[in-house]
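> build the 3D model from these lines:
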Amino acid sequence: MNERDPKHVTLPSAREDAFRAKPHADTPQTRSASYRLAFTDAEFLLREELRPVRLQLELLKPELELLARGIERTIVIFGSARIAEPVTAEARLQGAERAAADAPGDERLWRRASSSSAAAEAPGGGSAGIRDTGEVSGLESGP
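Predicted coordinates:
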């Protein structure tokens with residue numbers, strides 16, 4: 001029998017199905033992809049037509065993990081790992097400005113200096129800004 005309450009479960013678990021479906025004999029039939037269960041067949045799951053199913057699984061997986069751990073609320077912050085700490089951004093800006101000043105006709109260097117300037121002035125301050133956001137949201141959410 002299975003580990004669940006037999007009064008409420010009449011079907012085997014997916015793990016039990018997968019175990020039972022393992023071929024017991026090595027024959028052309030058991031080596032065929034059509035013999036494998038769909039949920040154990042990676043080649044099948046990676047087909048383009050199953051993209052919506054994979055997307056649904058990607059959303060469901062963390063939801064189930066959060067529920068299993070008793071986590072009721074989360075905050076998702078979209079950003080970039082490329083956001084440098086303020087000191088690093090400032091050093092990059094100074095280097096880009098020096099390079100651009102040394103080659104006034106090089107448009108690429110001026111664009112890099114401009115980009116570095118925007119990064120140095122960006123609000124949030126890299127991981128420090130994320131930590132601040134976490135502290136504030138933790139205070140506002142309560143226990």
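
> what segments of this protein are helices?
Secondary structure of the chain (DSSP state H): helices at 14-21, 28-31, 42-45, 51-68, 86-102, 107-121, 126-141.

> and the second one, what does it pack onto?
In other words, helix 28-31. With contacts defined as 3 or more C-beta pairs under 8 Å, 6 or more residues apart in numbering; DSSP states H and E, helix 28-31 has no helix or strand neighbours. Placement of C-beta: from N, CA and C, glycine included.

> and of the helices of the chain, who's closest to I75?
Among the helices of the chain, helix 126-141 comes nearest to I75, with 5.4 Å by C-beta to C-beta.

> any regions of the protein where pLDDT drops low?
1-9, 77, 79-83, 116-143 (pLDDT under 70).

> switch the cut-off to 80
Residues of the chain meeting the criterion pLDDT under 80: 1-9, 23-24, 75-86, 89, 110, 112-143.

> still on that earlier bit, mind putting the helices of the chain in JSON lines, distance to I75 and mean neighbour count included?
As requested, the helices of the chain are exported to JSON lines (distance: least, C-beta to C-beta, whole Å; neighbours: other C-beta atoms under 10 Å):
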{"stretch": "helix 14-21", "distance to I75": "32", "mean neighbour count": "12"}
{"stretch": "helix 28-31", "distance to I75": "48", "mean neighbour count": "10"}
{"stretch": "helix 42-45", "distance to I75": "31", "mean neighbour count": "11"}
{"stretch": "helix 51-68", "distance to I75": "12", "mean neighbour count": "10"}
{"stretch": "helix 86-102", "distance to I75": "23", "mean neighbour count": "15"}
{"stretch": "helix 107-121", "distance to I75": "24", "mean neighbour count": "15"}
{"stretch": "helix 126-141", "distance to I75": "5", "mean neighbour count": "12"}
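
> and D106, how far is that from A113?
From D106 across to A113, the span is 10 Å (C-beta to C-beta, to the nearest Å).

> which neighbours do the two have in common?
Between them, D106 and A113 share these contacting residues under C-beta atoms under 8 Å, 6 or more residues apart in numbering: A100.
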